[in-house]
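K.L.:
the following comprises the amino acid sequence and a computationally predicted model.
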Amino acid sequence: TIASTNQHANLQLQTWSDGVTSDRYDIQSGSPAQATSTIATDKNAYTAGDTITVAVTLKDAHGNLVEGGESLL
């Protein structure tokens, strides 16, 4: 499942002349999952006193970015 907004579900059986459509709904990302989240540094080696840049990407079990994940760090 991919997180997205303004979605609608549609249903039309073969015997129906018209289909039906649901109200609008959003799919939100879930909680961070260890298996799909990552942490990476900008280099493989550092000298004492160097600045280390660390990038953390929090994703849910379906690979969606976790909204507001910054507050969890």
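P.N.:
Everything's here; your move.

K.L.:
please enumerate the strands of this structure.
P.N.:
4-7, 10-11, 20-21, 25-27, 38-41, 54-57 (DSSP state E).

K.L.:
nearest to residue 72 among these would be which one?
P.N.:
strand 54-57 (9.3 Å; Cβ to Cβ). Heads up, the C-betas are built off the backbone N, CA and C, glycines and all.

K.L.:
buried stuff in stretch 47-66?
P.N.:
Neighbour counts over stretch 47-66 (16 or more other Cβ atoms under 10 Å) mark 58, 59, 60, 64, 66 as buried.

K.L.:
need the max-distance pair from the residues you listed.
P.N.:
58 and 64 (9.8 Å).

K.L.:
that older thread, columns pLDDT and distance to residue 26 on top of the buried residues of stretch 47-66, output as a markdown table?
P.N.:
Conversion of those to a markdown table gives the following (pLDDT from 0 to 100; distance: Cβ to Cβ, whole Å):
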| residue | pLDDT | distance to residue 26 |
| --- | --- | --- |
| 58 | 96 | 19 |
| 59 | 96 | 18 |
| 60 | 96 | 14 |
| 64 | 95 | 12 |
| 66 | 94 | 15 |
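
K.L.:
out of those, who's nearest residue 35?
P.N.:
residue 59 (8.9 Å).

K.L.:
how about the contacts made by that closest one?
P.N.:
The contact partners of residue 59, taken as Cβ atoms under 8 Å, 6 or more residues apart in numbering, are 29, 32, 33, 36, 37, 38, 65, 66.

K.L.:
please name the bridge partners of it.
P.N.:
Taking DSSP bridges as the rule, residue 59 bridges to residue 65.

K.L.:
export the buried residues of stretch 47-66 as a markdown table, with columns for distance to residue 19.
P.N.:
Below are those laid out as a markdown table (distance: Cβ to Cβ, whole Å):
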| residue | distance to residue 19 |
| --- | --- |
| 58 | 38 |
| 59 | 34 |
| 60 | 31 |
| 64 | 28 |
| 66 | 34 |
